[in-house]
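# Predicted structure and sequence below. I'll ask about it afterward.
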Amino acid sequence: MRWIFRRILLLVFTLVAAITINFFLIRLMPGNPVDALLNELITQGYSYEEALTRVAQIISFVPNAPIHEQYIDFVKGLMRGDLGRSIRLAQPVSTILGYALPWTVFSMSISMVISFGIGVLLGMYMAYHRGSIVDRAMSLYSSVSGAIPAYAVGFFLVLIFAIQLKWLPPQGPYAPQMSPPPAGQLPSAEFILSVLRYAILPITTYVVTTVGGWTLRMKSSTVSVLGEYYVTAAEARGLSDRRIVLTYVGRNAMLPLFAQFAIAIGLMFSGVVFIENIFLYPGIGRFFFQSISWRDYPLTSGCFVVISVAVVFANFLADLLYSRLDPRVKFE
Amino acid sequence: MSRPRSRGFVASFTRALRKSPSSMLGFAIVAFFALMAILGPIVLPFDNTYYPSKRYFPPSWENPLGTDFAGRDVLRQVVNGSRDVLLVAFLTGAITTVVSFMIGISSGMTGGLFDSTMMAITDVFLIIPSFPLLVIIATSLPRMLSPLEVAFVISIVGWPGLARTLRAQVLSVREKPFIEAARCLNLSRLHILFNEILPNLMPYIALSMIYSIVGGIYSQVSLFFLGILPFTSVNWGVMINIAFGENALINPKAWIYLFSPIACIVLIQTGFILSQHALEEVFNPRLRSEE
């Protein structure tokens, strides 16, 4: 119980810290967006009071109130799911994020599962065949791939598969002549196919940059499990190789990887900023970056809050899952 | 204790280098780029004037890597860009290491409430996604930043990992019998910290420093590439940013311009990672005996 309590405390602390840092940094941003917006509205012919209420609507706090009241208003807004209005897109930030988040979750969850799956299989294979060609080639690949940034991989893939070979589309979430199905209706098969086709390059970019890490971790984890007595005992009992590989070695070797899955989710949101911008994929990383070049601070703030909340909860869930899989961690 | 140890370090270091050609290669790459950053701008000064008539020239004797969209020499840009990139990277490595050193060691040595508070803060910073945090910190700063300031900003998100590792190491070393012996001899806390505990932490510090340097390269180039930090001078990230903005991907003439800085980043990061492997082997006797 104490363990869970500490985790929840950490979760709350982290959320508060992320939201607070975000609030004050946005206030610090050059050209103070609040003042800029206020001036803009006044030059558009609004009276000062009118401009003030409009700004308050857009940014969801009153610019002239003392800073602690602004902070409380900001947090209250967050609780209601009100993240303010985007200046550039003139829409509630929550609407924009509601559109963006599914794209990121869709493409990145597929990417992570593929990367993790390939990494686990290859890593186990390498642990069983140490010194083989596959082992040596993958070890080299893993250490070098850690040096290659996601955008470099993205550029290469676009260049080869989209521009030279013209096999796959270079940018966007689906074919431009298509439109997403109206709310409440199932998408057509054509639309789904198009979405999948357009997701291939972003997914490949993510997998290529991260699979090396999973492979190495799985290999070293498997090697250490292979030295355990329970594996020797299982062999001595004459259990089938298949059973030993799957239930004795594989499951135990995968345990420490789950703890790192949480870290991978956090890192994913860093990679997503690059991947989505190279492929003009309308996910949260794309809007995060665009909001900064537009100086659209409510949108920047909303993106950061959502990314933080997603990562913090992913961490928490991964911790819970890990403690269920390996009860020993609770007694540390 | 210190003298025989350092001789042993140099000896095992050269042994590890001789045994593994890949770490030799790693050090050679790092040395090459360090030379490029120090001497390159003197040997190949960069002319920032635009020559519209020389736009996207193919490689030639005069322009070994061709020219960019403004007719400027690409090789000279790469060479001159290396200076800031490496400067920021080394400063980031140094600052991150010092900060995490102070937090990790003081936390591990003091224990109690101070320790749990510091570690709670560290955990919070570990969980908040670091690159998006770095982006909003960088955006909130006044425009021009010196290399030292860029390094400081990157260090803000870079310290928690090492701080945690160092604290854990202090805790485990503190319980070792030789520390107990030192305490019984009535040696001062500072003596125990610097002469008994610290030598055991050196491997982690050295390895993490390389790790932070690589992180420093990656983060600053990313910030420049995304156009979040303003351009102060030539820099590999700036080159990628401009090339990408000029649609270099669909213009075969611009490919060298786009891929030269990327190739440098990949090369130098590979160099650091390979050298890290060599250091790991020196520091980790278990790995050495396995050979």
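Okay, I see it.
# Remind me which helix or strand the closest residue to chain B within the stretch 101-250 of chain A belongs to.
Of all residues in the stretch 101-250 of chain A, the one sitting closest to chain B is A:Ala147 (3.5 Å; CB to the nearest CB). Where you see a C-beta, it was placed from the backbone N, CA and C, and this is true even at glycine. Per DSSP states H and E: A:Ala147 is located in neither a helix nor a strand.
# contacting residues around it?
Contact partners of A:Ala147, counting by CB atoms under 8 Å, 6 or more residues apart in numbering or on different chains, are B:214, B:265-266, B:269-270, B:272-273.
# B:Gly158 versus that one, what's the distance?
Distance, A:Ala147 to B:Gly158, by CB to CB, to the nearest Å: 17 Å.
# Kindly report the same for A:Phe289.
With distances taken as CB to CB, A:Phe289 is found 21 Å from B:Gly158.
# cool, B:Phe244 as well?
B:Phe244 sits at a distance of 25 Å from B:Gly158 (criterion: CB to CB).
# These two - which one has more neighbours?
Using other CB atoms under 10 Å in any protein chain shown as the criterion, B:Phe244 and B:Gly158 rank with B:Gly158 on top: 26 against 19.
# what about whichever helix or strand B:Val124 is part of, average pLDDT?
When elements are assigned from DSSP H and E, B:Val124 belongs to helix B:112-127. Here helix B:112-127 scores 86 as its mean pLDDT.
# swap in stretch A:303-314?
When the per-residue pLDDT values of stretch A:303-314 are averaged, the result is 87.
# which parts of it are buried?
Neighbour-count burial for stretch A:303-314 flags A:303-308, A:310-312, A:314 (criterion: 16 or more other CB atoms under 10 Å in any protein chain shown).
# Is that stretch in proximity to chain B?
Yes: where contact is defined by CB under 8 Å from any CB of the partner chain, part of stretch A:303-314 touches chain B, namely A:303-304, A:307-308, A:311-312.
# Give me the local confidence score for A:Val34.
According to the model's per-residue confidence, A:Val34 sits at a pLDDT of 68.
# and what of A:Val62?
Per-residue pLDDT puts A:Val62 at 61.
# I'd like to know how far A:Ile114 sits from B:Cys184.
Counting by CB to CB - A:Ile114 and B:Cys184 are separated by 57 Å.
# Those two: which is more packed in?
In this view A:Ile114 and B:Cys184 are compared by other CB under 10 Å, and A:Ile114 has more residues nearby, 16 against 8.
# For the spatially closest residue to that one that is not a sequence neighbour, list the residues it contacts.
In space, A:Ile114 comes closest to A:Val207 once its chain neighbours are excluded; the distance is 5.3 Å by CB to CB, 6 or more residues apart in numbering or on different chains. Going by CB under 8 Å, 6+ apart, A:Val207 touches A:111, A:114-115, A:118.
# and what of B:Ser60?
The neighbours of B:Ser60, taking CB under 8 Å, 6+ apart as the test, are B:Gly66.
# A:Asp326 now?
A:Asp326 makes contact with A:Leu255 under the criterion CB under 8 Å, 6+ apart.
# Give me the phi and psi for it.
A:Asp326 adopts backbone torsions of phi -130, psi 90, taken as degrees, to the nearest 10.
# residues in the stretch 1-150 of chain B within reach of chain A, list them.
Of all the residues in the stretch 1-150 of chain B, those lying near chain A are B:120, B:123-125, B:127-133, B:135-137, B:139-143, going by CB under 8 Å from any CB.
# Pull out the buried residues from those.
Of all the residues of the stretch 1-150 of chain B next to chain A considered here, the ones buried according to neighbour count by 16+ other CB under 10 Å are B:123-125, B:127-133, B:135-137, B:139-141.
# tell me what the helix or strand of chain A with the lowest mean pLDDT is packed against?
Using mean pLDDT, DSSP states H and E, the weakest-scoring helix or strand in chain A turns out to be helix A:33-43, at a mean of 72. In this structure, helix A:33-43 packs against helix A:48-59, with contacts taken as 3 or more CB pairs under 8 Å, 6 or more residues apart in numbering or on different chains; DSSP states H and E.
# Is any residue of the helix it packs on near chain B?
No: Helix A:48-59 lies apart from chain B when judged by CB under 8 Å from any CB; the minimum separation is 15.4 Å.
# orientation of that helix relative to helix A:33-43 in degrees?
Relative orientation of helix A:48-59 versus helix A:33-43 (axes from the mean of the first three to the mean of the last three CA atoms, to 10 degrees): 130 degrees.
# residues in contact with the residue of the stretch 101-250 of chain B found nearest chain A?
For the stretch 101-250 of chain B and chain A, the shortest gap (CB to the nearest CB) falls at B:Phe131, measuring 3.3 Å. Residues in contact with B:Phe131 (CB under 8 Å, 6+ apart) are A:269-270, A:273, B:157, B:219, B:222.
# Quick one: classify the residue positioned nearest the centre of chain A as helix, strand or coil.
For chain A, the residue sitting closest to the mean C-alpha position, by CA atoms, centre = their mean, is A:Phe269 at 3.3 Å. In the three-state summary, A:Phe269 is assigned as helix, counting by DSSP: H, G, I helix; E, B strand; the rest coil.
# residues touching it, list them.
Neighbouring residues of A:Phe269 by CB under 8 Å, 6+ apart: A:284-285, A:307, A:310-311, B:129, B:131-132.
# Please repeat the previous calculation with a cut-off of 10 Å.
For A:Phe269, the residues meeting the contact criterion (CB atoms under 10 Å, 6 or more residues apart in numbering or on different chains) are A:104, A:108, A:284-285, A:288, A:303-304, A:306-308, A:310-311, A:314, B:129-132.
# Filter those down to just the ones in strands.
The subset of those located in strands under the criterion DSSP state E is empty.
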